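> structure for the following, please:
(2 chains)
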Amino acid sequence: MKPRVRFAPSPTGYLHIGGARTALFNWLYARHTGGTFVLRIEDTDAARNSQEAVDVILDGLRWLGLDWDEGPLTGDATGPSKGACGPYFQSQRKQNYQRRVEGLLSRGLAYEHEGAIKFKMPRETAVINDLIKGEIRRDLTDREEADPDFVILRSDGQPVFHLVNVIDDLEMNITHVIRGEDHLINTTKHIALFKAFGVPPPHYAHIPLILNKDGSKMSKRDQGASLTSYTEGGFLPEAVINYISLLGWSPKENREKLSLAETIERFDLPQVFKHNARFDYEKLLWLQGEYARELADDRFYELAVHTFAKAGVDTNPFPLGYVKAALDTCKGKFKTFSELPAYAGFYFTAVIEYDAEAAKKDFVPENKPRLEKLRDAFTHAPAFNAESLEAALKETAKALGVKAGGLVHPCRLAVTGKTSGPSLYHLLQVLGKERVLARIERALGQI
RNA sequence: GGCGUGCUCGUCUAUCGGUUAGGACACGGCCCUCUCAAGGCUGAAAGACGGGUUCGAUUCCCGUGCGCGCUACCA
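Presented below is the predicted three-dimensional model:
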């Protein structure tokens, strides 16, 4: 039988990076084994539950490219879904829970207590055979010593997590439960429930947690905790996927950067680590830069234009050839797309602003005649391309008896307003003679 | 407090009981260079601690310490 795994998030309004990695490990295992990846929404808590909150999850998974074989098609709990085990929203499965609870009640495996229904937990040492953690034998805690039974149906009739989680896994024929280590202890309850329903429990694989770099617990506000910080922060999904696959798992052989296909091929449950991983934003950034540099041109243009639009920079008035040429000078020079507007905005603004500190340093009287000479050289350059502009600048520098840098810096500041950016000569070529000369002229007026 | 689990450079990790403990990110230096990146070379940086077992422990066992998780009519 092919494995059936599931990702079962609760719609809280955001997708935690740890949750995304849980989804990834489930997805990887399904793809590695040729199994089925099920998405189920655990929306039993009506209070903090909305279609928008579900959409955050669906959109996040789609952005990452983690497609599900079964599950909802939209964030609407009563909407369409695919797969034979629906509905895939717990809010739509109430009658299943009710029926199961009645079954337990009738067989004396559960009982009413103060209006709630409690499950009669076996009084024995629990054993979990975890695919990652190994065999875990667990004695009762002091509180369980007093009362090991737990509530499965609240006094208001609402079923609790342990109950619905088990029933759904059972009815959806889940074979491998891959989830965060925070659920490890719960597993004793879940195994007991499966047994009470007369069904052998699925295999369990508890993956280690992701902590902050300093080892503290990663909470909502911490850097990198929310998936939207990547979707909105100009990251590439392949970079995020690659990075989080390295948290709690290793492809060995000193590999860091892997294609999705390689990760699918190498990934397996027994190789997942037992210890927690810490989130290192710098390393993610490095991978992001690696992938950004290798982007296919079309996708690069699309993402770049979209980024500019979001930043309020309209590239539409400019000819397509100009936009592409401008972007070509930027490729590989920045990591996240969110850096792009500041990096290359000068291509698309009529009036640039000068970096104040740089202006103080470069827009000095002695640079005025130099810039004038450079302007003249550019004016009479045989062609307005990178090659001849470079030659023109270097000849001018030589004639003036200064190093090339002595002209490069003021010139860059004059045409871009900044001290760093794309290759000067290429950027001049893209900007074109008219803009370049006008910008130098304006800068001259500032000196 | 109880129960569970983990521990190799700052971080992610490699290591089938024998290695000058390797790689990557970040950091320092040098080279390249029109800036910034990228790239090349290079440097510093680790087996939590204490006992065993063994000819030999980072590796196996025990203890201590520390981290993390759980300990709900949350999920």
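> how far does stretch A:440-447 sit from its chain's centre?
Relative to its chain's centre, stretch A:440-447 lies at 44 Å (C-alpha atoms, centre = their mean, to the nearest Å).
> what helix or strand is the closest residue to A:Lys189 other than its chain neighbours on?
Nearest residue to A:Lys189, sequence neighbours excluded (C-beta to C-beta, 6 or more residues apart in numbering): A:His162, at 5.0 Å. Bear in mind the C-beta positions are built from the backbone N, C-alpha and C, glycine included. In this structure, A:His162 sits in helix A:161-171 according to DSSP states H and E.
> what's the following helix or strand after that helix?
strand A:176-180.
> other residues contacting that following strand?
Residues from elsewhere that reach strand A:176-180 (C-beta atoms under 8 Å, 6 or more residues apart in numbering): A:3-6, A:8, A:18, A:22, A:25-26, A:29, A:35, A:131, A:169, A:190, A:202-207, A:209, A:269.
> any idea of the mean pLDDT for that strand?
Mean per-residue pLDDT for strand A:176-180: 97.
> pull it out as CSV, backbone CA atoms only.
Provided in CSV are the C-alpha atoms of strand A:176-180 (Å, rounded to 0.1, in the frame of the first residue of the first chain):
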residue,chain,number,x,y,z
HIS,A,176,2.1,8.0,8.1
VAL,A,177,1.6,10.9,10.5
ILE,A,178,4.5,13.3,10.0
ARG,A,179,4.3,16.2,12.3
GLY,A,180,6.2,18.5,14.7
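> next SSE after that strand?
helix A:186-196.
> which SS class is A:Met121?
coil (DSSP: H, G, I helix; E, B strand; the rest coil).
> leaving out sequence neighbours, find the closest residue to it.
Closest to A:Met121 by C-beta to C-beta, 6+ apart is A:Pro148, at 4.1 Å.
> the lengthiest helix in chain A - what's its average pLDDT?
Secondary structure assigned by DSSP state H gives helix A:17-33 as the longest helix of chain A. The pLDDT scores in helix A:17-33 average 97.
> quick one, it and strand A:176-180 angle?
Interaxial angle, helix A:17-33 versus strand A:176-180 (axes from the mean of the first three to the mean of the last three C-alpha atoms, to 10 degrees): 150 degrees.
> what helix or strand does A:Glu441 sit in?
helix A:433-446.
> output the below-cut-off pLDDT ranges for the stretch 1-150 of chain A.
Within the stretch 1-150 of chain A, the ranges that satisfy pLDDT under 70 run A:46-48.
> spell out the secondary structure type for the closest residue to RNA strand B within it.
In the stretch 1-150 of chain A, the residue found nearest to RNA strand B is A:Ser10; the distance is 3.1 Å by C-beta to the nearest atom of the strand. When classified by three-state DSSP, A:Ser10 comes out as coil.
> got the contact list for it?
A:41-45.
> and it, how far from A:Val151?
18 Å (C-beta to C-beta, to the nearest Å).
> which parts of the stretch 101-250 of chain A are helices?
With DSSP state H, counting those that start in this stretch as the criterion, the stretch 101-250 of chain A has helices at A:142-146, A:161-171, A:186-196, A:228-231, A:237-245.
> which of the contacts of A:Ser10 sits closest to A:Ala342?
Nearest to A:Ala342 among the contacts of A:Ser10 is A:Ile41, at 38.7 Å by C-beta to C-beta.
> doesn't A:Leu61 make contact with that closest one?
No: the pair A:Ile41 / A:Leu61 is not scored as a contact, 11.4 Å apart, by C-beta atoms under 8 Å.
> report the buried residues of stretch A:38-47.
Within stretch A:38-47, the residues that count as buried by 16 or more other C-beta atoms under 10 Å are A:38-44.
> got the residues of the stretch 251-400 of chain A near RNA strand B?
Within reach of RNA strand B by C-beta under 7 Å from any atom of the strand, the stretch 251-400 of chain A has these residues: A:252, A:254, A:256, A:273-278, A:280, A:282-283, A:285-286, A:289, A:293, A:332-334, A:390.
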